[in-house]
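Enquirer: with the input below, show me the fold.
(chains A, B and C)
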Amino acid sequence: MNWRLQGSKVLVVDLNGDAVRAASGSMVAYEGDIAFKSAGTGGGGGLRAALMQRVAGESLNLMECRGRGTLHLAVSAMDVVLVELAGEELRAESEQLLALSEGLRTEVVFAGLQGATSGQGLFTTKVTGHGPLALLSAGGPPIALRVTPQAPLVVDPQAFIASRGRLSQTFVTDVSWRNLAGEGSGEAFSLRFEGDGVVYVQPEERG
Amino acid sequence: MSIQSTTPQPLDPTTLPDHDNVPGNAYAYCVRLTQPLFMQTGRMIAYYPAPGGQGIRFEPLMATSLTGMVAERFSSPLYSRDWVVANGSAHVILGDRGFDINSYDLDQGNLTVRAANLLAFDASLELKESIIPGFLTLIGTGKFLASSSGPVIFVEPPIRVDPEALVGWADCPAPSLHFDAGWMGHFLGAARGALLGTRSGEERQYDFTGAGTVLLQSSERMMEDPQVLRRLEGEVDGLGTGQLQRLQQVIQSRLMQQQQ
Amino acid sequence: MAFTKVTGKVVSAEVRPGGEVLARRGAMLAYTGQVRFSPVGAGPGGGYGGGMAGALGRAMAGEAVAMMVAQGSGTVHYGYHGHHVTVVDLDGGSTLTVEADRLLAHDAHLSSSVVFLGQQGGLRGAVRGAVTGQGLFTTQLSGRGSVALLSHGGTFPLQVGGGHQIVVDPQAFVASVGDLRVDVAANVSWRDAVGRGSGEAVQLKVSGQGTVYVQASEEKL
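Expert: Modelled structure (predicted):
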């Protein structure tokens, strides 16, 4: 298997009889003999995960692409980032996941709740294992921001893509942030990260 | 298996720029906050509070501790609800719909920019509403941030511009409206089209003359700008019965067009 | 004449007598010099001089994307709603096929024809028009000159040839150049995998010799 980018917005995967799981509907073109099969909602987790997903409104719909050939994957002209996981854990906004290699597992996890009543962003998708995965970034290349005990980070949840490392994540809702979020943006809370790790954000806010 | 990782190099407060685009990213901009900054709401994507500091406060213009400064610098009641003053010390990162973001330096100058594309400006600058609806004028010395759909294109007058493609202009006089007489066969046709709103853009242009610079972008999707509505609603009060009936006709014909 | 790329979303063109430019209405961003714009129909032959061909064009084009011609002497900037622009130069030997609403502008002296459903071959054409939801018209351009195409986020070219075919999502298909055959295929496994509206269960199979321009998005313009 070979993963590479064509430009900044298209992930190209060469398949030699193996498989990749990709966001449903993300195939823009392919050559060769490739079969597509629904891979459900990210696999694993059983009833509890399914229930969580319904609660969260998280929609990680994946398809399994298996065969021999070249696959071109893209979603809404978003930039693609390739990340290699070596046993550690990555937490991602489910709609920012483009593709996962076979060695990775996904699970919907409760991301914590603090002072917020809207369900948005309270669940994230946990990815663990070994292998490459591709994330999506809207509005341009993603920005990787390092978090250390000396440098905590505050992020607009609409711009959050993923985080990795030993991080604690809290939802902060205060008057100041609400002012900044502006009118008509629903309940305004920010995401605060503390600990040791990296957070990926995108230049465009999800609508 | 081979994979070419494209993960960007992680940045932190020691490596982020003080006032520049995020490295390798035309669509995100980092400002190190040291003094009050006017910011449009909904344009910040992340910030690092400075260690040991009081963090950062975003205050609405109506209820800020800096009332005197705001009254002096921000002279646009129409837009005041969409702006805050950021106070404190932090690195703030801004993004705007995936538009390119540029920083502009004004030195005893004035520049007029589309309100939706103005992201932030130094409190040393003064802001006023332009005569052209939907645009704001910055006057004085200082920096501001503005966005454009694709890199901004600088051109010199004389030039005629589709109003939707206009980002702003500097130093030259405000534009006049030019109606393309040839577009609908004759001038009255153009006038009728303008009145009834049957336009594609080509028959109605902003005409720039004189010395200066005009800033262009690709035309934007028509956004429903709440300020345009606020401004129009305010002006309806001054109309008589005949004028109101006329306006109703125009609105109805426009609605019918959109429903087609 | 060729289009000059100004940014990824804007091109400019030098207009002169004998070098007119056709563009979709609403695509003119700015111009300098003495340039006149007049509406034309997107009819057979791409006639822009008005008269019979123009009138016929307008009548036949119906809901097709309305075009306009730029005449005179000057420089015109073109772009549309912040979409990305791809410039394709035709050498005179091959034909470019594009859905009407993805055409930003082209040299007026290129010959253009609007291919209707029926002409494209019965069910094949009908299915294609229906699934892409991009109207019933496909524009074909030939001759020597330059064409500017619109896409969401830009395009990437895929070469077709040597007997192998490429399968493209209809929503991501922008244009094709060369001697190509486009067939609609319903892929059962694909329908199962996508699991959305039935329209998306269809794929375009491209074979022959040429280039397909694909966008990194399934969004229509």
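Enquirer: the residue nearest the centre of chain C pairs with what?
Expert: Closest to where the C-alpha atoms of chain C average out (C-alpha atoms, centre = their mean) is C:Val98, at 3.1 Å. Beta-bridge partners for C:Val98, by DSSP bridges, are C:Thr139, C:Ala175.
Enquirer: with A:Arg21 instead?
Expert: Following DSSP bridges, A:Arg21 is listed with bridge partners A:Glu64, A:Leu100.
Enquirer: burial count for it?
Expert: Neighbourhood size, A:Arg21 [other C-beta atoms under 10 Å in any protein chain shown]: 24. For every residue, glycine as well, the C-beta is placed using N, CA and C.
Enquirer: tell me who's in contact with it.
Expert: By C-beta atoms under 8 Å, 6 or more residues apart in numbering or on different chains, the contact list for A:Arg21 reads A:Ala39, A:Gly43, A:Leu62, A:Met63, A:Glu64, A:Cys65, A:Ala99, A:Leu100, A:Ser101, A:Glu102.
Enquirer: mind listing what the residue nearest to the centre of chain C touches?
Expert: Counting by C-beta under 8 Å, 6+ apart, C:Val98 makes contact with C:Thr138, C:Thr139, C:Leu141, C:Val147, C:Leu149, C:Val174, C:Ala175.
Enquirer: 10 Å - rerun?
Expert: By C-beta atoms under 10 Å, 6 or more residues apart in numbering or on different chains, the contact list for C:Val98 reads C:88, C:104, C:106, C:112, C:134, C:138-141, C:147, C:149-150, C:173-177, C:213.
Enquirer: helix, strand or coil for the closest residue to chain C within chain A?
Expert: Per C-beta to the nearest C-beta, A:Ala77 is where chain A lies closest to chain C, at 2.2 Å. Three-state assignment for A:Ala77 (DSSP: H, G, I helix; E, B strand; the rest coil): coil.
Enquirer: run a quick neighbour tally on it.
Expert: Neighbours of A:Ala77 (other C-beta under 10 Å): 23.
Enquirer: now it: how far from A:Glu204?
Expert: According to C-beta to C-beta, to the nearest Å, A:Ala77 and A:Glu204 sit 11 Å apart.
Enquirer: name the residues contacting each of those two.
Expert: Contact criterion C-beta under 10 Å, 6+ apart; residues shared by A:Ala77 and A:Glu204: A:Ala138, A:Gly139, B:Gly98.
Enquirer: may I see the PyMOL selection of the buried members of the contacts of A:Arg21?
Expert: With 16 or more other C-beta atoms under 10 Å in any protein chain shown as the criterion, this PyMOL line picks the buried residues out of those:
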select buried, chain A and resi 39+43+62+63+64+65+99+100+101
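Enquirer: minimum pLDDT in the contacts of A:Arg21, which residue is that?
Expert: The lowest pLDDT within those belongs to A:Gly43, with 46.
Enquirer: say whether chain A is contacted by stretch B:31-49.
Expert: Yes - contact of stretch B:31-49 with chain A (C-beta under 10 Å from any C-beta of the partner chain) involves B:Met39, B:Gln40, B:Thr41, B:Gly42, B:Arg43, B:Met44, B:Ile45, B:Ala46, B:Tyr47, B:Tyr48, B:Pro49.
Enquirer: so which strand or helix has the closest residue to C:Leu158 other than its chain neighbours?
Expert: If the residues on either side of it in the chain are set aside, C:Leu158 comes closest to C:Val212, at 4.8 Å by C-beta to C-beta, 6 or more residues apart in numbering or on different chains. Using DSSP states H and E, C:Val212 maps to strand C:202-215.
Enquirer: now, the residues of stretch B:31-49 next to chain A that are in strands?
Expert: Counting by DSSP state E, these place B:Met39, B:Gln40, B:Met44, B:Ile45, B:Ala46, B:Tyr47, B:Tyr48, B:Pro49 in strands.
Enquirer: of those residues, just say which sits nearest to B:Gln248.
Expert: B:Gln40 (33.8 Å; C-beta to C-beta).
Enquirer: the closest one contacts B:Leu127, doesn't it?
Expert: No - counting by C-beta atoms under 10 Å, B:Gln40 does not reach B:Leu127; the two are 11.1 Å apart.
Enquirer: can you give me the neighbour number for A:Pro149?
Expert: 9.
Enquirer: my guess is it contacts A:Gly195, does it?
Expert: Yes - shown here, A:Pro149 and A:Gly195 form a contact pair, counting by C-beta under 10 Å, at 7.1 Å.
Enquirer: who are the contact partners of B:Asp20?
Expert: For B:Asp20, the contacting residues are B:Tyr29, B:Cys30, B:Val31, B:Arg32, B:Ser103, by C-beta under 10 Å, 6+ apart.
Enquirer: out of those, which end up buried?
Expert: For the contacts of B:Asp20, buried by 16+ other C-beta under 10 Å: B:Tyr29, B:Cys30, B:Val31, B:Arg32.
Enquirer: show me those that map onto helices.
Expert: Among those, no member is found in helices (DSSP state H).
Enquirer: out of the residues you listed, list just those in strands.
Expert: Of the buried ones among the contacts of B:Asp20, the ones assigned to strands by DSSP E are B:Tyr29, B:Cys30, B:Val31, B:Arg32.
Enquirer: which parts of the stretch 1-150 of chain B are strands?
Expert: Applying DSSP state E, counting those that start in this stretch to the stretch 1-150 of chain B gives strands spanning B:2-3, B:19-21, B:28-33, B:37-40, B:44-49, B:56-60, B:74-75, B:83-88, B:90-95, B:100-114, B:118-122, B:125-129, B:135-148.
Enquirer: make TSV out of those and add mean pLDDT.
Expert: Below are those laid out as TSV (pLDDT from 0 to 100):
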stretch	mean pLDDT
strand B:2-3	56
strand B:19-21	96
strand B:28-33	96
strand B:37-40	94
strand B:44-49	92
strand B:56-60	87
strand B:74-75	88
strand B:83-88	91
strand B:90-95	95
strand B:100-114	95
strand B:118-122	96
strand B:125-129	95
strand B:135-148	96
